[in-house]
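Novice: I would like to see how this sequence folds:
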Amino acid sequence: MKKDDTLDLEIIKYATEGKGIARIDRNIIKPVQDAQPQESNEKNYVVFVQGAYPGDKVTAQLRKIKKSYAEAVIVKIISPSKDRVEPRCKFFGTCGGCKQQDLNYQTQLKFKQELVRETFEHIAGLKDFDFEEIIPSENNFFYRNKMEFSFADKRWLTKEEIGSEDVIDKDFALGLHIPRIFDKVLDINECFLQSEMSNEILNFTRKFFKGKNASIYSTKTHVGYLRNLVIRQSQNTDDLMVNLVTSKEDDALVKEYTSELLKVVPQITTVINNINKKKASVAVGDYEKVYHGEGFIYDKIVDYNFRISANSFFQTNTLQAENLYKTAMEFAELKGDEIIYNLYSGAETMA
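Specialist: As a prediction, the model looks like this:
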């Protein structure tokens, strides 16, 4: 068989990042050179299938063929795994924000636990070690305290948009990148990762700057104004930050944007403009200007308050960060006379 050929597969195991594993006879894919393929029941060749889960029976298209494995994508699900669920988001499968939204959450935890165990056994060579159960996230949706959206002057069109008779602006997008495509963005109007308020900010920002005919920074020509919209929302306080990342200053425009945005979402506590003059596609400015509030927000983990700036590192799932740190403290069994180094920790939440 060769690239783009299809074959029917039964998924028996989970890999990582939304890939299922099937095993087949090597002769089916790549017969031994200078020899006639022979009948064999030995399934000694691995096929990684993007978007497939154990229990699926699928028709898959080969995208990459290597000596010891192949990569494929689903063309058709012949019979689905019992663990599949209906994804909540209409952009799932196209957007790169979520990998397993169509898989039961408890099953996700089980697969992740198996992957961690195999890592310790096969890579670290450990055996007979204690293995704790994963602590599940309390929220499956609206759990992130930070979302980073991108502007693009090339909009990725979905299959529905391509087949639509509606007039679509292909030169303005605000949303999330398509996996492995750096210059196109999927224009989204709702996301279930942060909050409904975040969606309001996202949609207002798009409408405002399109209405102003604001230019979008191009990663190819390095010309244009708008780069990113970053929203940080505290989980344990009422603080809410909007950070507009641009390639240059436009004081009058950002002041008007701030004023109009606060009318729509008055809960916003600070608005910042990061000015990024570098060519690299990063949502971090060389400097920043504050247009509303103090220029930072506060959030709380366990009994401690943390001041978070626009470019601070802070664990994106606040509630799970609390579980992580509580567990680390329990395991550490600290007595109070130890010296602890808090390195590479962003806002120093561990200390």
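
Novice: any weak-confidence spans in the stretch 1-150 of the chain?
Specialist: 30-42 (pLDDT under 70).

Novice: which residues in it form strands?
Specialist: Along the stretch 1-150 of the chain, the segments classed as strands by DSSP state E, counting those that start in this stretch run 6-10, 13-14, 19-24, 45-50, 57-65, 69-79, 146-152.

Novice: Looking at these, which one is packed in the most?
Specialist: Ranked by average neighbour count under the criterion mean count of other Cβ atoms under 10 Å, those are headed by strand 146-152 at a mean of 23. Using the backbone N, CA and C atoms, a C-beta is placed for each residue, glycine as well.

Novice: and Leu186, how many neighbours?
Specialist: As a burial measure, Leu186 scores 23 neighbours (other Cβ atoms under 10 Å).

Novice: Pro87: which of the strands of the stretch 1-150 of the chain is closest?
Specialist: Comparing these against Pro87 with Cβ to Cβ, the closest turns out to be strand 69-79 (13.5 Å).

Novice: mind listing what the residue nearest the centre of the chain touches?
Specialist: The centroid of the chain falls nearest to Gly97 when counting by Cα atoms, centre = their mean (3.5 Å). Contacts here follow Cβ atoms under 8 Å, 6 or more residues apart in numbering; on that basis Gly97 touches 91, 176, 191, 193.

Novice: ok, so of those residues, who is nearest Gln50?
Specialist: Here the nearest of these to Gln50, counting by Cβ to Cβ, is Phe91; it sits at 16.7 Å.

Novice: And the closest one, how far from Val284?
Specialist: Relative to Val284, Phe91 is positioned 26 Å away (Cβ to Cβ, to the nearest Å).

Novice: same check, this time on Lys57
Specialist: Summarising the geometry, the distance separating Lys57 from Val284, computed by Cβ to Cβ, is 46 Å.

Novice: do Lys19 as well
Specialist: Between Lys19 and Val284 the distance is 31 Å, computed by Cβ to Cβ.

Novice: ditto for Ala332
Specialist: Distance from Ala332 to Val284, counting by Cβ to Cβ: 33 Å.
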